[in-house]
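Chemist: kindly generate the corresponding structure for this input.
(one chain, ligands or ions: 1)
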Amino acid sequence: MSNKTLQLNDQLYQYLLDFSLRESATQLALRQATAKLPVAQMQIAPEQGQFMGLLVTLMGAKKTLEIGVFTGYSTLAVAQALPPEGKIVACDVSEEWTNLAKPYWEQAQVLSKIELHLAPALDTLDNLLNDKAQHESFDFAFIDADKAHYSLYYEKSLKLIRKGGLIAIDNTLWAGDVAKSEVKDASTQAIRALNEKLKHDERIMLSLVPIADGLTLALKR
Ligand code: CA
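Modeler: As a prediction, the model looks like this:
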């Protein structure tokens, strides 16, 4: 099969940013602050944040889930797209990283929309699932945390989102390693296993969007 997806060299990627990226001053400042961290590559790409904001707006989402906050760029991108009464249940284990996010959330006046749970995401998800009223109550979920638990995050998110709701899963192309059979580390295998499961999952409509490191969209039927 011929590859119709354009390969972006640096020049063309810069063009994409120059002519499509609409980033608030707060988003830019947060991105610059994050860039100073040794683990800065864990932040999503800005055009991906913008895309997720567009999806959330398109869906009229009011209540969303985020599994893996890091320094809060994705949270900010989604929060800005939610209506004033919108809410994000955000899960992360790092106080250090999420503390970096908070002043920027405040500056963007979205802090009140973000309910941060500093705990293992599986615990937070299980607490939500223990309350029947939370089932099928979310419009959108973004999964971008430890890859070993990706399949569990997906299954629990699928219970929490409504029919017609969307789960976006980050890093599903994993720098290309998913397609290299010689790469066998645990994270790669976990992403591969989820990708294989999703391919045949009749509970969802599926699209793997080759933006940034690969963003899988799973729409609950
Ligand atoms: Ca990621």
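Chemist: would you tell me whether whichever helix or strand Pro103 is part of gets close to the ion?
Modeler: If you go by DSSP states H and E, Pro103 is part of helix 95-107. No. With C-beta under 5 Å from the ion as the criterion, the ion is not reached by helix 95-107; the gap is at least 12.9 Å. Glycine gets a C-beta too; all of them are placed from N, C-alpha and C.
Chemist: that helix packs against which elements?
Modeler: helix 25-35, helix 73-81, strand 114-118 (3 or more C-beta pairs under 8 Å, 6 or more residues apart in numbering; DSSP states H and E).
Chemist: hmm, try it at 10 Å
Modeler: When contacts are defined as 3 or more C-beta pairs under 10 Å, 6 or more residues apart in numbering; DSSP states H and E, helix 95-107 sits against helix 25-35, helix 73-81, strand 87-92, strand 114-118.
Chemist: can you pull the contacts of the residue nearest to Leu219 when sequence neighbours are not counted?
Modeler: With C-beta to C-beta, 6 or more residues apart in numbering as the criterion, Leu219 has its nearest non-adjacent residue at 4.2 Å, and that residue is Met205. Shown in contact with Met205 (C-beta atoms under 10 Å, 6 or more residues apart in numbering): 164, 166, 217-221.
Chemist: Met205: which element?
Modeler: Per DSSP H and E: strand 204-209 holds Met205.
Chemist: for Lys62, grab phi and psi.
Modeler: Lys62 adopts backbone torsions of phi -120, psi -30, taken as degrees, to the nearest 10.
Chemist: from the ion, how far off is it?
Modeler: 24 Å (C-beta to the ion, to the nearest Å).
Chemist: try Asn130
Modeler: 28 Å.
Chemist: what about that residue, neighbour count?
Modeler: By the measure other C-beta atoms under 10 Å, the count of residues near Asn130 is 8.
Chemist: can you give me the helices in the chain?
Modeler: 10-20, 25-35, 46-59, 73-81, 95-107, 121-129, 150-160, 186-199 (DSSP state H).
Chemist: so for the fourth one, mean pLDDT?
Modeler: By that I understand helix 73-81. Averaged across helix 73-81, the pLDDT comes to 98.
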